[in-house]
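In: Attaching a predicted model along with its sequence, questions to come.
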Amino acid sequence: MIEAPEHHARRGSALDAMVTVVVLLALWQGVYGYVGDAAIAPPLTAVQHLAAMLATASFWDHIMATLTAFAGALALAAVLGTLLGLVFGIRRFAGDVAEPVLAGLYSVPKVTLYPMILLMFGLGMGAKVAFGLIHGVIPITLFTLSAVKAINPVLLRTARALRLSQFETIRTVLAPAVLPEMVTGLRVGFSLTLLGVLIGEMFASQKGLGFLIVNGLSLHNVKQTTAVILMVVLLAIAANGSLLWLDRRLVHRGE
Amino acid sequence: MTRQRAVTLTRLAWLLGAIAVLEALCRSGMISPLSLIPPSEMAVALGGMLWSGEMTADMIQTFSTVAIALTLSIVIGLVLGVAVHALPRLSRGLDPLLASYYSIPTFVFYPLFVAIFGLNTIPLIVLGMAFGVPAMMMSTMNGLDRIPRVLLRTAKAHHLGRIRTVALIVLPCAVPYLFTGVKLALAYAFIGIIAGEFILASGGLGHAIAYAYDGFDSRTMYALMLFVLGLVTALNMTLHAWEGRLMRRRIGHD
Amino acid sequence: MAVAAISTQDGTPASDPAPHVGLRGVTRVYPGKLAALGPIDLDLVKGEFFSVVGPSGCGKSTLLDVLSGLGRPTAGSVTFEGRPVSGTVPDGVGIVFQEDASFPWLTVHSNIAFGLRRVGIDAAEVERRVDDVLGFMGLRDFANAYPAQLSGGMRQRVCIARTLVMRPRLILLDEPFGALDQQTRLLMGDELLRLWRETNATVLLITHALDEAAMLSDRIGVMSARPGRFLECVPTHWPRERDSRIVSDPAFGHVTARLWSHLRAESLKAIGGTGVGR
């Protein structure tokens, strides 16, 4: 059984968050002071460089390359993962057969499959989407499966007691009951799909944010590497934060 | 036939069936040998490579890196977990960090680590620890949280001192959860380190796969892939089964 | 909500030629296990309050399953209002389960309205009925709260309200107050009686609490250890207008004594005398 990563992280106050940010920035500056310009750019320089890059059209090309692949991969992962999870959750035997296999695939270094994907799809958008897909589809499937299995049986008995049809039961009882955990799975899938796309870009691409990070290293352009990493981190935190907020507002009410 | 057995056999049948289909598709030429080689050839190639010893150096490098990352993850994660559990103030500071931590693709830091530490195993170890430490830490906290309070009060009723309480009650109670942390830390170590070796490294199994890919050496590449996937899966399955056995003895677990 | 009561002055439910609920030779055997229930012969008179008591594992919940249509008997027949019951829950039957069955994603109001909305009653009528029941069950102040914000007792009230609003003619309750403390149970028992009188439904209550059965019911069916059969149906002759204060009636002690005289032996059997207990 897998849980959402934040399962044990309770809600901190804004003050705690600010303190943490300050501490991290100080650490960053400290590391820079220790290793110097050859290895990392300090916070201020990174921000400035990032701002400069954002003013260039070519940087936006890279951003779009990453985002397009990411959006495609996530959409596919969400649809496929949800369907598979529902099927495996409802059909118990199939679910019992499949779950350990899925859990095994979850814990395996999926980069090992990248060369095979590249050989099949060639270098390009198709491969990137495939990378993101294989990372994201598994947690979405597992969380959905787990959600369906965990439905309190008394809710289904209530549906029968209220004489609901099969379709109505799925629509008005099963779907809302599994939604919270499914949404958590989608959040985890979101992060992993992004990771998959980025790693793919770092390995075999001439476009995208992942490429820029590695590219900065080979060109000894440490500012570029640091700035793009900063951007990716900020984007990831912002996206996850929004998803969490939506989740808490709309889905996990009152918990 | 019990249901459990039926499930296991069905799973086996599906897996073997999938391999058989792949084998047939490859041999018949429907899948080009440039994309994928037949599973049997992968196995043969792997056998040959293991026997000839050409994999040994990379294997040792990867395994030792994983071992170091795992050990550090366990120790640091354990210490942090205990510390945070005992000092709620610390947890309040870490909470916002943990909340977003798993959403950050920490892997993107790897090139930075290489720039800082050089192209050796240190950045790989850091990468392997990146998710292992929080996993171990949270498993430790979880395990400590789940000790039923009534057991601690029973310890007091038996006049057990601090140390004996920890040794006789806290540890045995928390062990299954700590074990979960170890399991996760191992998985994350492998994932991070092999990915790192793949992108940028001087040796190791991940690097060997990337090297074989660049050199159009499909046989070596697939053999290595088979090895890594098979090994990691076997390790995870073993730990998972072990974990299951530990968990089943839990009192009052959900 | 009030329907003309059909009862005689001393409280015995007016006799009806055909039983409201009838079970004949009902047994239930689970595959691979010992027989769980039966054979059961039982007739429920329309409008009566009938309780079922018995040792752990005797099949009380199985009885409810079979009676309600949620499960099928292995042998025998079940009828409700003259028509056979098998496999589906008939119209007019309401069930309150042992566990909390409130839908966590809906407010109290939406929970209660849930069943009504599914059968296509128009919105104004739904609102009227839900409001009625909210008032009746004392839940008006919590109409917009979510179940997670309520106590166990309140949640169970929501489940009862959700059943009640459908105006069932037969109400089945499976240890509905099991998770509550004794004092709350007594108060909920009084509410249940009030409900019963207002709706004139036939009520079948499964409980392990002998005093609860004794004070609430017109008749109490005592079940044997597994496989459960009815050893005796003990009548109480209580007036229809009764509440928990009936405990001060001298007959109350006799009733509970009668119940325990049967159950003590059966309960010993159930906890391992013959090794077939749970």
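Out: Everything's here; your move. None of these values were measured; they are calculated from a predicted model.
In: Quick check on residue 104: phi, psi?
Out: Defaulting to chain A. phi -60, psi -50 (degrees, to the nearest 10).
In: Can you look at chain C instead?
Out: Residue C:104 adopts backbone torsions of phi -70, psi -20, taken as degrees, to the nearest 10.
In: likewise residue C:46?
Out: In this entry, residue C:46 is assigned phi and psi values of phi -60, psi 130 (degrees, to the nearest 10).
In: Now for residue A:203: which residues touch it?
Out: Counting by C-beta atoms under 8 Å, 6 or more residues apart in numbering or on different chains, residue A:203 touches A:111, A:114, B:198, B:199, B:210. Where C-beta positions appear, they are placed from N, C-alpha and C, glycine not excepted.
In: same thing but at 10 Å, please
Out: By C-beta atoms under 10 Å, 6 or more residues apart in numbering or on different chains, the contact set of residue A:203 is A:111, A:114-115, A:118, A:127, A:131, A:210-211, A:214, B:195, B:198-200, B:210, B:213.
In: now, the most widely separated pair of those?
Out: A:127 and B:200 (19.0 Å; C-beta to C-beta).
In: Give me the residue ranges of the chain where confidence is low.
Out: Let's take chain A. Counting by pLDDT under 70, chain A contains low-confidence residues at A:1-13, A:252-255.
In: please go with chain B instead
Out: Residue ranges of chain B with pLDDT under 70: B:96, B:250-254.
In: closest point of it to chain C, which residue?
Out: residue B:2 (11.0 Å; C-beta to the nearest C-beta).
In: What about that residue, how many residues nearby?
Out: By the criterion of other C-beta atoms under 10 Å in any protein chain shown, residue B:2 has 7 neighbours.
In: swap in residue C:106?
Out: 18.
In: element containing the closest residue to it other than its chain neighbours?
Out: Using C-beta to C-beta, 6 or more residues apart in numbering or on different chains and skipping residues adjacent in sequence, the residue nearest residue C:106 is residue C:114, 6.8 Å away. If you go by DSSP states H and E, residue C:114 is part of helix C:108-118.
In: Just give me the residue right at the centre of chain B.
Out: Centre of chain B computed as the mean C-alpha position; nearest residue by C-alpha atoms, centre = their mean is residue B:187, 0.9 Å away.
In: before we move on, back to that, residues of the helix holding residue C:114 that come out buried?
Out: For helix C:108-118, burial by neighbour count (16 or more other C-beta atoms under 10 Å in any protein chain shown) applies to C:108, C:109, C:110, C:111, C:112, C:113, C:114, C:115, C:116, C:118.
In: for the third one, what are its contacts?
Out: So the one you mean is residue C:110. C:103, C:117, C:130, C:143, C:144, C:146, C:162.
In: Over to the fifth one?
Out: For residue C:112, the contacting residues are C:102, C:106, C:126, C:129-131, C:133-134, C:137, C:139, C:143, C:158-166, taking C-beta under 10 Å, 6+ apart as the criterion.
In: and these, which of them are in helices?
Out: Among those, the members falling in helices (DSSP state H) are C:126, C:129-131, C:133-134, C:158-164.
In: Of the residues you listed, select the buried ones using a ChimeraX command.
Out: Only the buried entries of these go into this ChimeraX selection, using 16+ other C-beta under 10 Å:
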select /C:126,129,130,131,133,134,158,159,160,161,162,163,164
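In: just checking: which of the ones in helices among the contacts of residue C:112 also lie near chain A?
Out: C:159, C:162, C:163 (C-beta under 10 Å from any C-beta of the partner chain).
In: a markdown table for these, including pLDDT?
Out: Listed next are these as a markdown table, based on pLDDT from 0 to 100:
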| residue | pLDDT |
| --- | --- |
| C:159 | 93 |
| C:162 | 92 |
| C:163 | 91 |
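In: Chain B contacts on chain C?
Out: Residues of chain C lying near chain B (C-beta under 10 Å from any C-beta): none found.
In: residue ranges of the strands in chain C, please?
Out: Using DSSP state E, the strands of chain C run over residues C:21-29, C:35-44, C:49-53, C:75-80, C:83-84, C:93-96, C:170-174, C:202-206, C:219-223, C:230-235.
In: could you pull out the helices for the stretch 51-200 of chain A?
Out: Along the stretch 51-200 of chain A, counting by DSSP state H, counting those that start in this stretch, helices occupy A:57-90, A:92-106, A:114-121, A:125-149, A:153-161, A:166-169, A:175-204.
In: which parts of the third one are buried?
Out: When neighbours are counted by 16+ other C-beta under 10 Å, the buried residues of helix A:114-121 are found to be A:114, A:115, A:116, A:117, A:118, A:119, A:121.
In: likewise the longest one?
Out: Of the residues in helix A:57-90, those buried by neighbour count under the rule 16+ other C-beta under 10 Å are A:59, A:62-63, A:65-70, A:72-74, A:76-78, A:81-82, A:84-89.
In: With the fifth one instead?
Out: Using 16+ other C-beta under 10 Å as the burial criterion, the residues of helix A:153-161 that qualify are A:154, A:155, A:156, A:157, A:158, A:159, A:160, A:161.
In: How much space separates the fourth one from chain C?
Out: So the one you mean is residue A:157. 6 Å (C-beta to the nearest C-beta, to the nearest Å).
In: Kindly report the same for the first one.
Out: Residue A:154 is 4 Å from chain C, where distance means C-beta to the nearest C-beta.
In: Provide a list of residues in contact with residue A:220.
Out: Contact partners of residue A:220, counting by C-beta under 10 Å, 6+ apart, are A:38, B:115.
In: Now do the phi/psi pair for it.
Out: Note on residue A:220: its backbone torsions stand at phi 50, psi 30 [degrees, to the nearest 10].
In: With only the CA atoms kept, save stretch C:108-118 in PDB.
Out: Taking C-alpha atoms only, stretch C:108-118 is exported to PDB below (Å, rounded to 0.1, in the frame of the first residue of the first chain):
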ATOM      1  CA  VAL C 108     -26.200  16.100   6.600                       C
ATOM      2  CA  HIS C 109     -28.900  17.700   4.500                       C
ATOM      3  CA  SER C 110     -27.800  16.100   1.300                       C
ATOM      4  CA  ASN C 111     -27.300  12.700   3.000                       C
ATOM      5  CA  ILE C 112     -30.900  12.700   4.100                       C
ATOM      6  CA  ALA C 113     -32.200  13.900   0.800                       C
ATOM      7  CA  PHE C 114     -30.100  11.400  -1.100                       C
ATOM      8  CA  GLY C 115     -32.700   8.600  -1.400                       C
ATOM      9  CA  LEU C 116     -35.500  11.000  -2.200                       C
ATOM     10  CA  ARG C 117     -33.600  12.600  -5.000                       C
ATOM     11  CA  ARG C 118     -32.900   9.200  -6.600                       C
END
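In: list the buried ones in stretch C:18-33?
Out: The neighbour-count check on stretch C:18-33 (16+ other C-beta under 10 Å) flags C:19, C:20, C:21, C:22, C:23, C:26, C:27, C:28 as buried.
In: Then stretch B:193-212?
Out: By neighbour count with 16+ other C-beta under 10 Å, stretch B:193-212 contains the buried residues B:193-201, B:203-212.
In: That stretch and chain A, are they touching?
Out: Yes - applying C-beta under 10 Å from any C-beta, one finds stretch B:193-212 touching chain A at B:193-200, B:205-206, B:209-210, B:212.
In: and which of those residues is nearest to residue A:101?
Out: residue B:194 (20.1 Å).
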